Each structure stands twice: as structure tokens, then as C-alpha cells.
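*Asks:* below are the sequence and a predicted model; questions follow.
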Amino acid sequence: MDHTTIAMLVSIVFLCFHLIKSFSSHSKNPSQLPPGPKPLPIFGNIFELGEKPHRSFARLAKIHGPLISLKLGSVTTIVVSSSEVAKEMFLKHDQVLANRTIPDSVRAGNHDKLSMSWLPVSVKWRSLRKIVVVQLFSTQRLDVSQSLRHAKVQQLHEYITECSKKGEPVDIGRAAFTTSLNLLSNTFFSMELANHSSSASQEFKQLMWCIMEEIGRPNYADFFPILGYVDPFGIRRRLAVYFDKLIAVFQEIIRERQKARFTNLSTTNDVLDTLLNLYQENELSMDEINHLLVDIFDAGTDTTASTMEWAMAELVKNPDIMLKARIEIKQALGNDSSLIIQESDIAKLPYLQAIVKETLRLHPPTVFLLPRKAEANVQLYGYLIPKNAQLLVNLWAIGRDPNVWNDPLVFSPERFLASSSCEIDVKGRHFELLPFGAGRRICPGLTLAYRMLNLMLVTLVNSFDWKLEDVTSAKDLDMDEKFGITLQKVKPLQLIPIPKK
């Protein structure tokens, strides 16, 4: 019997099994589930996803309500599309919904068993999270490293100044990515992994995007878990290659540091030293260190860069908002555009902070929070969430909910200065704005990300005027996005900096 015949027989058995399972599961109290579109046999609602699932789910929510159920193949998927439902979910059911549905792609290199982002709530997860929260991203540690962030933003300023002298455009996303990458690499390794004038940062950025894209890509092995054995579209294999490339970079740095520590030539006291101390004390394995670094560098570079790109795109489209931000900076800090603003100055700039919040509302760093899994039957918003169901929180839809936001499609930072909204923050306490998540699985690096976004944005706004590289009207600027775990602009934002007079 040849391989083709075997494959056909397996496919027939597989389809029959899922057809029976589909009818069986649909007959069990379907009315208790949240409403949603009628699923097709076997495939369910897979064909409803489209190229941009966040938009497809938002359209379905307008028809069926803020909590909908879908059958994606054999997987019951519940989509949350309103702050009201998200509030109930996180305040009442965070514990039973704290674990992850694991995408098949994330099993590459055992990432799901080593990554803090994907591990179930457990002793190992609590240990990793404590290390990250206390030793890497504590307020005390971030305050101590302020000068480092200042230095990286100074480098960004110098690079843009050189571009302005030459009349060359700046790729905003790439410049922000390089700044974020060097900030993390200096904090962790006391060295820079790229510079603004080399192609290294672009190669690193492409690698990060590939990882985010593969993890976020709709995958039939997630809809029909039996297909995970064959990885039909090669997503897991490609992701394993990307992980290996990234880990190879980290391992080269780690080996050099271990040599220096062995010969007493190391004079650093950075995060890598902390991680290696934990490794020597058997509190962390080398695999856990590798995958922790993958998590942090992946989450801490591409998301920050894409948010900065969206913020500058919105400001170019809305020059009146850019002008208001500059007036605020001038009134608060003086008229010297050559100054690099300190982190402590950000508190004096409520309008600039409102611009960042408004960007995070319209263009969240991740369109869906990482998928949750129901560990038991749960009653949510009056409906049954069955055990083992997958839950997706559609941040893109929540940020554009007309029941919460006036003129939700309009970029208006002023909404965060109104008395009813001025207290809204991004720390998971206000469910209409959850760019970093909420509950026990909230992003531990949110404080660093928020500091960096404000610091980079104020530098770009304060020091330069900007014009588009081509003659396209700013009002017609292409704002189309491509889908991954993060949303990136399809067309990178290229702006020519002009020194302010």
C-alpha cells in the first residue's frame, strides 16, 4: 500500500470521526453556549476567519453580541468582544481561565513547556514569573536603569539628526525596533545587538516578525489536533528554525560570558549575570533561560516598534494633534528642541500620555490576548463556557466598541483627558483598555514598555518636524495592516525629518 493510499484512508477515517463528533457535540445543550454563526459539518466556522480574524470576529460580534461561540474545526472557541464581558471574565473567573490553549506551532522546540507565556499556572510558572517581576522588571530595577534608556534614546535622536542633514527618510518602525532591541540587549547583556546604520536590526526585526506571524497564523493543526502529528503546513517546523536562530544568538553571548566569569574577567552585573547565578544554583535550566530570553526579546521589541509606528502614522495624519503635543512639551519643559527629555518629565505631559493610550486603543500591540482555556465549565455573561473551550479576547474590537467610546474610529487623545476617562490606565484595571492584558497573566514587562513608548514618542515629536517621503497627502496615508500576533503596517512608515527652527 503506497503512501498516497494510506493518506487517503487516514483522511477518510479522520473526517468521519470529526463529522460524528461535530453532530454529537452540537446536540448537547447547544442553546447554553453563547450565540454565533451556524457551523458547517467538520469544518465548523473556519471559513469565517478570513485573512484578518480580528475584523471577522468584530463583524460577527455586531450580529450575535459581545460574547460569541464558534466551532473552529473540532475546537469550541469563545470570543470576547466587549469590556463588560472582559470585566466579568477577569474579575470572576480569572483562576479557572488562567491556563492556555497551546497552538500547535508553539510546541516547536518544546517552547510550550519552557516558556513563561505558555506554561500552565504551576510551581514552575510561578517561579519564572517571580524572577521576571522581581529581578528583571521591578520598579526599583527600572529606576536604576533610567540612564541606559536615556542613552538609547539619545542614539535614536542622533541617528534621526544625521538623516535630517542628508534629507534621508527614516523608517520609523525600524528605528524604534533598533532602539528597543539595544535597550533590551544592553540591559540583559551589557552590549548592543544592532545599530541604526546597519542591516543587523532589520534582519533581527524580520526574524521577530516571522516568529510572531507563525504563532498568530491560523493553523489547521489547531482546528483538528490530530493533524499536529504531521504539521501539514510546516508551521511548527518553520518556527523551530526561527527559535533555533534566535537561541543561537543568545547562546554565543552566554558562552562568552561564562568564559569571562570563569576567568574572573567579567565586570558586569546585568540581567545575564543574574540568570547565570540562578542557573548555577539550579533554579533555572539553560533551556529555560533560552526560552525566557525568546519571550522577552520577542515581546519587548516588535510590539513596541509597531506601536510607535502606528503612533507616528496617526500624528502625521492629524497634524493638529502633533501641534498640541509640541505646545504641551514647550510649556512644560522649555523651548530647547535639542534637549533629550528625561523619563521623570513624562509625568508633566498628560496630552502626550493620552496620545500613547489612544494609539494602544486603536492599534493594540496584540489584537488578541494569548488564548485562554477553560479548566472547567464556567458561566460567563449568562452563557455556558464548556470545559476545554478556547477563549480569545479581541482587544481590537474592545478598543473600537461604540457602546464605550464616542466616535471610536476617530483618533482623539482628548478622550483620555475628559473627567470620565482621565483615570483610565493600561495596568489591567480598566477593561476598556487592556493592551497588556489583565489578571494573573498580565504582561510583566508593561511598565518598561509604557516608559519606552512615551520616551521615544516625546523625542520624535519634540525634536523634529516630519513629512512623508512621497507626495501622498497625509490624509490618504495607507493605514492597512497585516495580521500576526502583532498588527504591523503593510507599508512601512517612511518619514523625512526636518530640524525644528
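*Replies:* Good, I have the coordinates.

*Asks:* so residue 490 touches residue 481, yeah?
*Replies:* Yes - the criterion here is CB atoms under 8 Å, and residue 490 meets it with residue 481 at 6.4 Å. The way it works is simple: take the backbone N, C-alpha and C, and place the C-beta from them, glycine included.

*Asks:* these two: which is more packed in?
*Replies:* Neighbour count, other CB atoms under 10 Å: between residue 490 and residue 481, residue 481 has more, with 19 against 10.

*Asks:* my read: that one touches residue 51, true?
*Replies:* No - Residue 481 is not in contact with residue 51 according to CB under 8 Å; the separation is 10.5 Å.

*Asks:* which parts of the stretch 351-500 of the chain are strands?
*Replies:* 372-373, 378-380, 383-385, 390-393, 464-468, 481-482, 488-489, 494-499 (DSSP state E, counting those that start in this stretch).

*Asks:* dump those strands to a markdown table, plus mean pLDDT and distance to residue 413.
*Replies:* Formatted as a markdown table, these follow (pLDDT from 0 to 100; distance: least, CB to CB, whole Å):
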| stretch | mean pLDDT | distance to residue 413 |
| --- | --- | --- |
| strand 372-373 | 96 | 31 |
| strand 378-380 | 96 | 33 |
| strand 383-385 | 97 | 36 |
| strand 390-393 | 97 | 24 |
| strand 464-468 | 90 | 17 |
| strand 481-482 | 80 | 20 |
| strand 488-489 | 78 | 20 |
| strand 494-499 | 91 | 20 |
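
*Asks:* and of the ones you listed, who's closest to residue 237?
*Replies:* For residue 237, the closest of the strands of the stretch 351-500 of the chain is strand 481-482, at 21.9 Å, according to CB to CB.

*Asks:* any idea how far residue 179 is from residue 194?
*Replies:* For residue 179, the distance to residue 194 equals 10 Å [CB to CB, to the nearest Å].

*Asks:* more crowded one of these two?
*Replies:* Each of residue 179 and residue 194 has its neighbours counted (other CB under 10 Å); residue 179 has more, 28 against 20.

*Asks:* once you drop chain neighbours, what's closest to that one?
*Replies:* In space, and not counting its chain neighbours, residue 179 is closest to residue 156: 4.7 Å by CB to CB, 6 or more residues apart in numbering.

*Asks:* can you name the element that comes right after the strand or helix carrying that neighbour?
*Replies:* Applying DSSP states H and E as the criterion places residue 156 in helix 146-166. Note on helix 146-166: by DSSP H and E, the next helix or strand toward the C-terminus is strand 170-171.

*Asks:* parallel or antiparallel, which strands does that next one pair with?
*Replies:* Strand pairing for strand 170-171, determined by DSSP bridges: strand 494-499 (antiparallel).

*Asks:* report the angle between the strand it pairs with and helix 146-166.
*Replies:* Compare the direction of strand 494-499 with that of helix 146-166 by axes from the mean of the first three to the mean of the last three CA atoms, to 10 degrees and you get 90 degrees.

*Asks:* mind listing what's buried in strand 494-499?
*Replies:* Residues 495, 496, 497 are the ones in strand 494-499 that count as buried (16 or more other CB atoms under 10 Å).

*Asks:* out of the strands of the stretch 351-500 of the chain, which is closest to residue 351?
*Replies:* Set against residue 351 and scored by CB to CB, the strands of the stretch 351-500 of the chain come closest in strand 464-468, at 17.9 Å.

*Asks:* who does the closest one pair up with?
*Replies:* Strand 464-468 has these partner strands in its sheet, going by DSSP bridges: strand 494-499 (antiparallel).

*Asks:* got the contact list for the partner strand?
*Replies:* Contacts of strand 494-499 with the rest of the structure, by CB atoms under 8 Å, 6 or more residues apart in numbering, involve 160-161, 163-164, 167-172, 312, 316, 337, 463-469.

*Asks:* same thing but at 10 Å, please
*Replies:* With contacts defined as CB atoms under 10 Å, 6 or more residues apart in numbering, strand 494-499 is touched by 159-175, 309, 312-313, 315-316, 337-338, 460, 463-470.

*Asks:* of those residues, buried ones?
*Replies:* Among these, those classed as buried by 16+ other CB under 10 Å are 159-160, 163-164, 169-175, 309, 312-313, 315-316, 337, 460, 463-466, 468.

*Asks:* if we can go back for a sec, and of the strands of the stretch 351-500 of the chain, who's closest to residue 437?
*Replies:* Ranking the strands of the stretch 351-500 of the chain by proximity to residue 437 (CB to CB) places strand 390-393 first, at 8.1 Å.

*Asks:* off-centre distance for that closest one?
*Replies:* Distance of strand 390-393 from the chain centroid (CA atoms, centre = their mean, to the nearest Å) equals 16 Å.

*Asks:* show me what that strand is packed against.
*Replies:* Where contact means 3 or more CB pairs under 10 Å, 6 or more residues apart in numbering; DSSP states H and E, strand 390-393 is packed against helix 53-64, strand 67-72, strand 75-80, helix 83-92, strand 372-373.

*Asks:* can you give the strand pairings for that strand, parallel or anti for each?
*Replies:* strand 75-80 (parallel), strand 372-373 (antiparallel).

*Asks:* and among those, the most buried is which?
*Replies:* Highest mean neighbour count of the strands paired with strand 390-393: strand 75-80, a mean of 25 (counted as mean count of other CB atoms under 10 Å).

*Asks:* avg pLDDT for that one?
*Replies:* Averaging pLDDT along strand 75-80 yields 97.

*Asks:* just the CA atoms of that strand, as PDB, please.
*Replies:* Backbone C-alpha positions of strand 75-80 (Å, rounded to 0.1, in the frame of the first residue of the first chain) are rendered in PDB as follows:
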ATOM      1  CA  VAL A  75     -12.400  23.200  18.900                       C
ATOM      2  CA  THR A  76     -15.100  25.200  20.600                       C
ATOM      3  CA  THR A  77     -13.900  28.800  20.600                       C
ATOM      4  CA  ILE A  78     -15.400  31.700  22.600                       C
ATOM      5  CA  VAL A  79     -14.600  35.200  21.600                       C
ATOM      6  CA  VAL A  80     -14.900  38.200  24.000                       C
END
